[in-house]
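> model the following, please.
(6 chains)
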6 protein chains.
Amino acid sequence: MAQERVVYINGEIVPESEAKVSFRDQGFVTGDAVFDATRTFGGVIFKLKEHLGRLYDSLKYMRLDPGIPQHQMADLTMQVLKANQSLLGADDDYWVIQRISRGVPIGGGKYKPTVIIECNPLPFAARARYYRDGLSVVIPSIRRTPPECMSPRVKVHNYINLILADQEVKAQNPDAFSILLDINGNISEGLGSNFFIVKNGVVVTPKEQYVLAGISRETVIELAQGLNIEVQEADVDLYDVYTADEAFVTSTSFCICSVSSINGSTIGDGGVPGPVTDHLQTAYSGLVGINIVGQYLKRLG
Amino acid sequence: MAQERVVYINGEIVPESEAKVSFRDQGFVTGDAVFDATRTFGGVIFKLKEHLGRLYDSLKYMRLDPGIPQHQMADLTMQVLKANQSLLGADDDYWVIQRISRGVPIGGGKYKPTVIIECNPLPFAARARYYRDGLSVVIPSIRRTPPECMSPRVKVHNYINLILADQEVKAQNPDAFSILLDINGNISEGLGSNFFIVKNGVVVTPKEQYVLAGISRETVIELAQGLNIEVQEADVDLYDVYTADEAFVTSTSFCICSVSSINGSTIGDGGVPGPVTDHLQTAYSGLVGINIVGQYLKRLG
Amino acid sequence: MAQERVVYINGEIVPESEAKVSFRDQGFVTGDAVFDATRTFGGVIFKLKEHLGRLYDSLKYMRLDPGIPQHQMADLTMQVLKANQSLLGADDDYWVIQRISRGVPIGGGKYKPTVIIECNPLPFAARARYYRDGLSVVIPSIRRTPPECMSPRVKVHNYINLILADQEVKAQNPDAFSILLDINGNISEGLGSNFFIVKNGVVVTPKEQYVLAGISRETVIELAQGLNIEVQEADVDLYDVYTADEAFVTSTSFCICSVSSINGSTIGDGGVPGPVTDHLQTAYSGLVGINIVGQYLKRLG
Amino acid sequence: MAQERVVYINGEIVPESEAKVSFRDQGFVTGDAVFDATRTFGGVIFKLKEHLGRLYDSLKYMRLDPGIPQHQMADLTMQVLKANQSLLGADDDYWVIQRISRGVPIGGGKYKPTVIIECNPLPFAARARYYRDGLSVVIPSIRRTPPECMSPRVKVHNYINLILADQEVKAQNPDAFSILLDINGNISEGLGSNFFIVKNGVVVTPKEQYVLAGISRETVIELAQGLNIEVQEADVDLYDVYTADEAFVTSTSFCICSVSSINGSTIGDGGVPGPVTDHLQTAYSGLVGINIVGQYLKRLG
Amino acid sequence: MAQERVVYINGEIVPESEAKVSFRDQGFVTGDAVFDATRTFGGVIFKLKEHLGRLYDSLKYMRLDPGIPQHQMADLTMQVLKANQSLLGADDDYWVIQRISRGVPIGGGKYKPTVIIECNPLPFAARARYYRDGLSVVIPSIRRTPPECMSPRVKVHNYINLILADQEVKAQNPDAFSILLDINGNISEGLGSNFFIVKNGVVVTPKEQYVLAGISRETVIELAQGLNIEVQEADVDLYDVYTADEAFVTSTSFCICSVSSINGSTIGDGGVPGPVTDHLQTAYSGLVGINIVGQYLKRLG
Amino acid sequence: MAQERVVYINGEIVPESEAKVSFRDQGFVTGDAVFDATRTFGGVIFKLKEHLGRLYDSLKYMRLDPGIPQHQMADLTMQVLKANQSLLGADDDYWVIQRISRGVPIGGGKYKPTVIIECNPLPFAARARYYRDGLSVVIPSIRRTPPECMSPRVKVHNYINLILADQEVKAQNPDAFSILLDINGNISEGLGSNFFIVKNGVVVTPKEQYVLAGISRETVIELAQGLNIEVQEADVDLYDVYTADEAFVTSTSFCICSVSSINGSTIGDGGVPGPVTDHLQTAYSGLVGINIVGQYLKRLG
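From the prediction side, this is the model:
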């Protein structure tokens, strides 16, 4: 069907409904797979090279050889995006995602890896209200898995730690957004998102070790530096957040979205976005050539 | 093809090669799935009820509703086993496994779960030498994920922590068997196996909290009690293991397999099995109606 | 005014409205004070001796000398209760509380302690619905202060740790009841309450070290033993609670109140009280000579 | 009596002996109160704005609304100071302290906050010998409460952790000064004081997260920077202190007081103040317009 | 000289003054050596077999082969004791100690072990006052090395952790006796001594994992059981000790010596020995055939 | 014998074979001793002053007075080196080591310290292949002793923690090189060596607190800064190492030696030395006036 998006899977480009993996695929059986996700802005892919660099670091950490060099992965990614471009609605954009699993056993303790490249429309409508109202962040009781067990800096398919945290929070408030503490009690990250606060004009975000080094996080840090806003990577705890002037999260999909409360306590005076957040959103829009705030808010209808 | 084993998947029984899941299945994308695995002895399934009890506890912990009550899961399991029984070689046996993943998104943040029931022949030949020589256990530097991040007592599809540990150990010695310490430095467990030591006639195994409460582990504890052998569930550290008289692991496939060394240091005098282990293996064989040691050793050819 | 309850304070018995402490009292300035609280059943005081034993242990730990021996503290307590007895409504009961603060500075780094004994009516009406519906327990992100900083077994006036936890939970759901994890991720206690689960007929409660050794907790343990119900003091984690058959809290005021959910996940089948809890409530009622459940439920109107 | 100092309490200014709180005040019962303390130099108040900024951060963290905006709190503070100014001896100075407790219950789980503003003469005579001899710092076995239980950066009325530490140390040596380690084994802080070392000309002090961010601490950091002395906020452990050239504490009352030994081991060559400390004391005196060292030493008689 | 005691060293029995090791001996250079120490009672050696069992467990843990089987080590020990017996004063007794170091390098990364067996008179006079007055136990800030770094259950020549603790305590009070907390904040052990409390008639001592499993500790546990006194091996924290009725330490030299205070806080009513301690001392004397208390007290002169 | 090297021991210079310590020397019995080791380059001693500064810091930490001031220790060191210089082979070099132990007991709890100064030829031949192939680093399960037990920054004779780690690693691969994690799971150090990685042109090494502050480490940091290579002291975890471009260790003997793999995973593309390492080796050679790489490689024969 012409309307169906296509997926690259192990050398073929097939309709999404036909893209399947064996029930013995190690990605399914043990989550033994890595991925990375960039997005488009106005249909143009963003920082593909940085995302692939991180993907190949994840592969190295997992001792997983995709059988495809990085430049070819870039080519295949562009091919998949191109094949799906015509299905992209006006003002819509895609996540563009590579996934490599350990694959299926082929005997002798060896595996044939599974490689997938997919496009997925960004959920602007479902999340537009967060851009209007700010996110209500709630800290669950569950702590982020520590690096001595599994590095949070690798994008693997093992998300139960983050999913349990999210279930805990959403059971109290389905609209809340979960951010976890690390095992030392410092803020770490949420499901695919980094966390920032602003206090006395300084932007502060958790150090990289306990969180994924988000590309959006890195982009915000560079934008802030370009605007002469001081940025610190530091241990951030609940005292910092309760007494912050502003707070926001960054992610591939959100770019920069304001946080309006933490555990039910208003951040600053509660107005979103705060001035520094606003400044950074404007700079982000300039960088990507799209009004990132408007793209969300226009879905409010 | 008549020779191919069959699998239950979402209401159908299909050949293994046709049992596939969507690349958007949450079991594949995030490891958001649980499973349990029992085995047959002489083709007869073992403690199915206990395994399903644990499976439904895992489902409860993960807030995952399979849409199938426990008694029906038992019926389906027996159906799958029966369908595959004729393919079981003489002296061979099956793992019998249920898997339930969160499944595919159906809109509104909801998912349709994926339910799979499969049979998989036990790898007696590949592991027979471990029964002859004992396992060479090596402790990796990676620690077992702590319960405040994700309980080790739930059989979820998130195995990266254990896989990283195993990669570390096998990179030094492909024949070594990895057992992890927990974050307090006590022995926890390996990839699907529990660990026991014997010292001065007392059998000691790590407490349940940091390890999966294996059904084989429970079976050994009950057998030991029946033989008037004292059993302790306690913190076990490297001192205990280095100075132990005997050590062994238990798992669904292994039942009870001796450990001959830990980090290259011989356990006891190095002979396997030690007298208490031997005693327990005999009792296990009696319980399941199969010579569990002989079933492995006869593959040595 | 005849209707006003009276309070013992530093040698005098005065109306509550006149019982005041200096703004320099160390109990006010630093929370440097200890207390204990028992209650009456049908106007009769319960286990005063056990409560005073614990009070004097708290005083010993805090190196605080009340200047009053334990037997005299008992006499004074009975005097205060007697003076307030006529103000107790039908079916009502009192908390009876001793408080000793370091008091006011008298020079040379010395202090004159403040001793208070008070009666406070139990809030049956405000809490009756918890007896009907069970408590919705939510685990906050904040952890219970560890013993190497301040022992949770001492009843001191430093409650901020528990108050912060409760604020976090009540900001999401004003009706929720907070129970904290300790720094190892095990269940500890809530604001003045101990936590129990029932699984396969066994009653399990956290070990004493990370929680106050509640007198009601001790009473329940003894009642269970009298009923031949197995009781374990053990590390209890979230897996245990999510998969429990029943759960309840104990406290001086609640005695035994069922828990119906944990972090939004139903305990057992959700019906309260579960059979073991019911059994224990009946035994508790027998011990104290009052229907402890009825005393709450009759307030539902 | 004309000689008695006055206190602001809930809208009134009354003599100290009449300033009392209910025995049900939550500040008394649970230590649920915050405070901040600045001092005068030559009768002139120091950095009131910075102290009030920190006070309102403490209130925010505790979700406690004093019902008085910050500028009015400043006015009231100045009023109380003015009312007490005539009672200040020559060469004497005041602590000036605001305290806000959750107050007394008014039904429905609500409270009426208690607001107190007081002046308290600084204990120059009692502490003068510390300026002459340096402080004998001893590290107790008790650790500072970690931020995941209660942030040390909030000035709450919960001081038992610090009081227990001080009792431990003073039981061995009544003249010793307690400084606690945090739960990672790094130096944190003492009862209302921050700790600094000097090594090879560099001034080092523990990072803010595990310690109260003292205003005097901040003042010293700024003075050092003004003098081109390098300052580091870092993890400081016992090795750093044992091998330091100089050490000192800062507090509102002490400003900068030398440390002559740690756990009985002489700091540097034992002479106090060391050259860098001396330099900073001189700069501090310049900033506040008072010889801070002389103010203490003149009491030696 | 006839009056000089002799030592076994590497196959020879020589006077103590001639018993020397190379400055390259690994026992000297890295503390890579193990030992064990028993004592005599009335000149008769005590539980040599148990001590040698522990010694050979230490050797196993350290992968150190003394080149001498256990029964020969027993013979050599008796030989050294016999050779020194005539030098033992009336009412005096010996420590009898085996030491095995990794020894001197002999090329190729190999070493020739050093084996030493010595006798050392017990310091009854120097410690007699502790038996009279009880020990003043002080807890240092330093924590006992955790098992994941080096097991406290192995008697190696690495004592700096315990020496640093003792220096800290003795710098405040040269007569104080140091007992360390483990990294979880529980009581562990002191320099060669185990710690016990008595509360409500029950004897409690720290679990074995964080402490050396002292032979005297084991002896006391067995004696208590023989006297129908309940014994618990459990986590013991400062609350337990501050509120204990009695406390004592055990060691090879002390056997059982009362503790009169902890961190300056009196244990029980301060009288030593308490009734349970007294009971155990009497039983110990009966077991060893010597009045263990009298042997110390008669030195008081 | 003219060919034997000499040693300074307690005021005398004697042949190595005569340099012995009593079996009661506290350095032997408890490892209560400190040391420092520099080396020569072309026979010329390197940074003696820095090494002695660190030695006297170690002595201060251990409260150990060698009875010899620092300048005299320097003179004695030069005397010993001079006396041994003629025995140094062409292209050979010495470690030059000072050792001070607590020494032998002299009554009253006092000791007479033992002072030793020795020369030891560097093992160029035995280690040459590491310079050619790079080191195979393996992380053991054992963690580095934390500073709250004993500071890793002090060079004491207590090496069991590092020796146990090395035994664990070498039992799997006798050629492997052990580097330990600290108790937080970050890279710390190996037996006498510091660890560095290079990523995107930036040189990163663990912060000083959990590792000995090596003089070679400091030299490399200064050389890198001189070459305008950015250097960071930071938490380094396994993710950093697995994804690094280059890695190397520094030590007095090695200076700078490449690491080719970590836990069997190739560092970068596996070629050694990497470009930044090569750059630093060249600068190091320039500084010390010797080709540090050539000195090793010429032994390959």
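> show me how chain A divides into domains.
Here the domain parsing of chain A from automatic domain parsing is A:6-121, A:127-300.
> just the pLDDT for A:Met1.
A:Met1 is assigned a pLDDT of 44 by the prediction.
> ok, back up a step: pick the most buried one from the domains of chain A.
Using mean count of other Cβ atoms under 10 Å in any protein chain shown, the stretch among those with the largest mean neighbour count is domain A:127-300, at a mean of 21. Where C-beta positions appear, they are placed from N, C-alpha and C, glycine not excepted.
> do it and chain E meet at all?
No. Residues of domain A:127-300 are not located near chain E by Cβ under 8 Å from any Cβ of the partner chain, the shortest gap being 11.1 Å.
> report whether that domain contacts chain F.
Yes. Counting by Cβ under 8 Å from any Cβ, chain F has neighbours in domain A:127-300: A:146-148, A:151, A:153-154, A:207, A:209.
> secondary structure element for A:Val249?
Assessed by DSSP states H and E, A:Val249 sits inside strand A:246-251.
> by contact count, what packs against the helix or strand just after that strand?
Next helix or strand after strand A:246-251 toward the C-terminus (DSSP H and E): strand A:255-262. Counting contacts by 3 or more Cβ pairs under 8 Å, 6 or more residues apart in numbering or on different chains; DSSP states H and E, strand A:255-262 is packed against helix A:124-133, strand A:135-138, helix A:215-226, helix A:238-242, strand A:246-251, helix A:275-288.
> CA atoms of the last one as PDB?
Read that as helix A:275-288. Provided in PDB are the C-alpha atoms of helix A:275-288 (Å, rounded to 0.1, in the frame of the first residue of the first chain):
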ATOM      1  CA  PRO A 275      13.400  33.900  30.300                       C
ATOM      2  CA  VAL A 276      16.500  31.800  29.900                       C
ATOM      3  CA  THR A 277      14.500  28.800  28.600                       C
ATOM      4  CA  ASP A 278      12.800  31.200  26.200                       C
ATOM      5  CA  HIS A 279      16.200  32.500  25.000                       C
ATOM      6  CA  LEU A 280      17.400  29.000  24.400                       C
ATOM      7  CA  GLN A 281      14.300  27.900  22.600                       C
ATOM      8  CA  THR A 282      14.700  30.800  20.200                       C
ATOM      9  CA  ALA A 283      18.300  30.000  19.600                       C
ATOM     10  CA  TYR A 284      17.400  26.300  19.000                       C
ATOM     11  CA  SER A 285      14.700  27.400  16.500                       C
ATOM     12  CA  GLY A 286      17.300  29.500  14.700                       C
ATOM     13  CA  LEU A 287      19.800  26.600  14.600                       C
ATOM     14  CA  VAL A 288      17.300  24.100  13.100                       C
END
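> that older thread, what is the nearest of the residues of domain A:127-300 next to chain F to chain C?
Closest to chain C out of those is A:Pro146 (11.8 Å), distances taken as Cβ to the nearest Cβ.
> residues contacting the closest one?
A:182-183, A:210, B:143, B:146, B:149, B:183, F:185 (Cβ atoms under 8 Å, 6 or more residues apart in numbering or on different chains).
> could you rerun that using 7 Å?
Residues in contact with A:Pro146 (Cβ atoms under 7 Å, 6 or more residues apart in numbering or on different chains) are A:182-183, F:185.
> can you check A:Ile183 too?
Contacts here follow Cβ under 7 Å, 6+ apart; on that basis A:Ile183 touches A:143, A:146.
> let's see it at 10 Å
A:Ile183 is in contact with A:143-149, A:210, B:146, B:148-149, B:183, C:183, C:185, D:148, F:184-185, counting by Cβ atoms under 10 Å, 6 or more residues apart in numbering or on different chains.
> repeat for A:Pro66
By Cβ under 10 Å, 6+ apart, the contact list for A:Pro66 reads A:34, A:55-56, A:59, A:72-73, A:98-101, A:103, A:113-115.
> any idea how far A:Gly42 is from the nearest residue to it once chain neighbours are set aside?
Ranked by Cβ to Cβ, 6 or more residues apart in numbering or on different chains and with sequence neighbours excluded, the top spatial neighbour of A:Pro66 is A:Ile100, at 4.5 Å. Distance, A:Ile100 to A:Gly42, using Cβ to Cβ, to the nearest Å: 28 Å.
> do the same with A:Lys110
Taking Cβ to Cβ, one finds A:Lys110 at 43 Å from A:Gly42.
> likewise for A:Val249?
Counting by Cβ to Cβ - A:Val249 and A:Gly42 are separated by 23 Å.
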